[in-house]
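*Asks:* Build me a model from this:
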Amino acid sequence: LMEEDASQPTLALACHMNMARCYLRLRDEEACLAACVEAEKLSPVTGEQTRATRFLRAQLWSQLYGDDQVKSGPGPERSWNVRKAKLQQARDELKKLLQEEEEE
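*Replies:* Predicted coordinates:
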């Protein structure tokens with residue numbers, strides 16, 4: 001029974017850290033910060049580490065994509081649009097090559 005009681009804060013910390021990581025990946029800074037604050041209550045060092053990671057990633061997105069896209073980052077939707085655009089570009093190039101071959 002004592003071991004279970006001792007592991008509850010560890011389990012709660014793991015849950016808050018996982019939530020913070022999920023929110024970080026989703027670029028939801030407010031929810032990530034809230035999860036970090038809860039984690040800090042259980043383990044100040046671990047919570048601060050996640051807050052620092054969130055800050056550094058925001059700075060990196062700002063440098064790569066400009067301040068207007070820091071909030072959203074590339075995200076899954078943008079990644080899909082980029083892939084879709086590249087696929088369309090490859091199709092267009094292939095179509096052009098096939099037309100050039102037919103003309104010759």
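
*Asks:* Per the annotation, how does the chain divide into domains?
*Replies:* 1-70, 74-104 (automatic domain parsing).

*Asks:* For the longest one, what does the pLDDT average out to?
*Replies:* Same thing as domain 1-70. Across domain 1-70, pLDDT averages out at 71.

*Asks:* how about the helices of this structure, start to end?
*Replies:* 2-25, 29-42, 44-65, 75-103 (DSSP state H).

*Asks:* ok, A52 to N18 distance?
*Replies:* Computed as CB to CB, to the nearest Å, the A52 to N18 distance reads 17 Å. Yep, even glycine has a C-beta here, placed from its N, CA and C like the rest.

*Asks:* actually E40, sorry about that
*Replies:* Noted for E40: a distance of 15 Å to N18, by CB to CB.

*Asks:* who has more neighbours, the two?
*Replies:* E40 (18 against 12; other CB atoms under 10 Å).

*Asks:* my guess is the more buried one meets E48, correct?
*Replies:* Yes - judged on CB atoms under 8 Å, E40 makes contact with E48 at a distance of 6.6 Å.

*Asks:* Tell me how many other residues surround the nearest residue to M17 once chain neighbours are set aside.
*Replies:* Excluding the flanking residues, the one nearest M17 by CB to CB, 6 or more residues apart in numbering is A39, at 5.4 Å. Residues within reach of A39, counting by other CB under 10 Å, total 26.

*Asks:* doesn't P9 make contact with A39?
*Replies:* No - taking CB under 8 Å as the definition, A39 is not a contact partner of P9, at 10.6 Å.

*Asks:* State the distance from T10 to H16.
*Replies:* For T10, the distance to H16 - CB to CB - is 11 Å.

*Asks:* which one of these two has more residues nearby?
*Replies:* Between T10 and H16, counted using other CB under 10 Å, the more crowded position is H16 (23 against 11).
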